[in-house]
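**Student:** below is the structure, and that's it, no one-letter string:
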């Protein structure tokens, strides 16, 4: 039976940058990216200022809980492989402070989500935030590790549309696009850390596939999402949409040949291009 590294950490290093470390522990990049995607979706789906602000803030606080819990739960593994980019593992911020932050953000997320209406609120809390927590708590170590990403990204358009005045579901192609982009982002995000993950007992879908297969599969998934976003809406596809699809192809090439965090950033770029395409359509 494999014993996972303990999450007990070294004493906190007192420093003036505790707030900065807390921000970094929230996975600030992905948190901001998903929040921006939400804000753009509120424009695409014609939400007025109040529901748009509420649902965007709800998603932001939910993402904070996911990011902080990820760093907190993975502190032992991150410490075992000497991750220099993990503030909790390095003792730059106390686990007590992170737990307090998770509690405050979680309570705020609950209030904001339900203020968007019970349909939007439940969709966000159970399928959006719930998927992120399910990933952190164990699904990341199974062959089903892509499922939380597919569900969370796929439900995001519904969280936004259900917060609007009509309380309606978005078109199916929007949900499919989100799900495909979520799976692609998961595959690419895992690439830089495959060796470290395997060494610390994380055997999710990307780790089982291996780097070579992930580099082949991820672009195919992302291109499928881009194609659905371009061809899904009813009516004739305008010429500029083909240009957008071409841009996504280029970003996918960047994702294939890039190293480090570049593949994940390219995936976020594809997602942003797709949302901008929704605005223009």
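**Tutor:** Cool, the structure landed. Here the structure is a predicted model, which means the values were calculated and not measured. Numbering: from 1, shown residues only.
**Student:** got the buried residues for stretch 47-54?
**Tutor:** 47, 51-52, 54 (16 or more other CB atoms under 10 Å). In this view, the C-beta of every residue, glycine as well, is placed from N, C-alpha and C.
**Student:** let's have those residues in a markdown table, adding secondary structure.
**Tutor:** Formatted as a markdown table, the buried residues of stretch 47-54 follow (DSSP: H, G, I helix; E, B strand; the rest coil):
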| residue | secondary structure |
| --- | --- |
| 47 | coil |
| 51 | helix |
| 52 | helix |
| 54 | helix |
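**Student:** out of those residues, who's nearest residue 112?
**Tutor:** Using CB to CB, residue 54 is the member of the buried residues of stretch 47-54 that lies nearest residue 112, at 5.7 Å.
**Student:** from residue 28, how far off is the closest one?
**Tutor:** In this view, residue 54 and residue 28 are 22 Å apart by CB to CB, to the nearest Å.
**Student:** and the strands in the stretch 151-281 of the chain?
**Tutor:** For the stretch 151-281 of the chain, no strands are identified by DSSP state E, counting those that start in this stretch.
**Student:** now the helices for it?
**Tutor:** Using DSSP state H, counting those that start in this stretch, the helices of the stretch 151-281 of the chain run over 172-190, 194-199, 205-209, 211-231, 239-257, 262-280.
**Student:** quick one: mean pLDDT over the last one.
**Tutor:** Average pLDDT, helix 262-280: 73.
**Student:** outside of it itself, list whatever touches it.
**Tutor:** By CB atoms under 8 Å, 6 or more residues apart in numbering, the residues outside helix 262-280 that reach it are 29-30, 33, 36-37, 40-41, 43-44, 174, 177, 181, 184-185, 188-189, 191-192, 218, 222, 225-226, 229-230, 240-241, 244, 247-248, 251-252, 254-256, 258.
**Student:** buried subset of those residues?
**Tutor:** Buried members of these, counted by 16+ other CB under 10 Å: 30, 33, 36-37, 40-41, 44, 174, 177, 181, 184-185, 188-189, 191-192, 218, 222, 225-226, 229-230, 241, 244, 247-248, 251-252, 254-255, 258.
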